[in-house]
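# could you work out the structure for the sequence below:
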Amino acid sequence: METLLNFIVEPAYAQDAGPGGALASFLPLILIFVLFYFLLIRPQQKRQKEHAQMVTALAVGDEVVSGGGILGKVTAVGEQFVTVEIANNVSIKIQKHTISTVLPKGTVKSA
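Next comes the predicted model:
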């Protein structure tokens, strides 16, 4: 009976990893992480950094587009909010981080 048990249980033991061992088994995971870093993570961090610089550089007179598509001219800049004039005598207050683009001067009049 014991020999039959050894015959059945024996193949269930883990086999040796072979040449290369653990490094060879983790190499695909490491390569995928490196690929994700250079194709997804790094470009996103760069865009976030550029957006943060754009938001901190906002000044009165800049023409901007908000994330909601509102086009206007900056009339006041606060710590977290920006006042944007969207029409004559019509101003709204929006959060700085919602500004998506700073446009070239003269864009608001042509739009």
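
# any low-confidence regions in the chain?
For the chain, the stretches flagged by pLDDT under 70 are 1-20, 110-111.

# where along it do the strands fall?
63-66, 71-77, 81-87, 90-95, 99-103 (DSSP state E).

# quick one, domains of the chain?
Domain ranges of the chain: 13-54, 58-110, per automatic domain parsing.

# tell me which of those sits most buried.
domain 58-110 (a mean of 14; mean count of other C-beta atoms under 10 Å). For every residue, glycine as well, the C-beta is placed using N, CA and C.

# ok, residue 95 touching residue 81?
Yes: using C-beta atoms under 8 Å, residue 95 makes contact with residue 81 at a distance of 5.9 Å.

# check the gap between the most centrally placed residue in the chain and residue 37 for me.
By C-alpha atoms, centre = their mean, the mean C-alpha position of the chain lies nearest to residue 44, the distance being 3.7 Å. Look at residue 44 and residue 37: by C-beta to C-beta, to the nearest Å, they are 10 Å apart.

# likewise for residue 25?
20 Å.

# got the phi and psi for residue 80?
Note on residue 80: backbone dihedrals following degrees, to the nearest 10 are phi -120, psi -20.

# what sits against it?
95-96 (C-beta atoms under 8 Å, 6 or more residues apart in numbering).

# what about 6 Å?
Going by C-beta atoms under 6 Å, 6 or more residues apart in numbering, residue 80 touches residue 96.

# please apply the same query to residue 33.
Applying C-beta under 6 Å, 6+ apart to residue 33 gives no contacts.

# mind doing that once more with 10 Å?
Going by C-beta atoms under 10 Å, 6 or more residues apart in numbering, residue 33 touches residue 41.

# the helices in this structure, which residues?
Assignment of helices within the chain using DSSP state H yields the ranges 2-9, 21-36, 42-56, 107-110.

# is it possible to get a markdown table of those helices that adds distance to residue 67?
Below are the helices of the chain laid out as a markdown table (distance: least, C-beta to C-beta, whole Å):
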| stretch | distance to residue 67 |
| --- | --- |
| helix 2-9 | 63 |
| helix 21-36 | 26 |
| helix 42-56 | 11 |
| helix 107-110 | 17 |
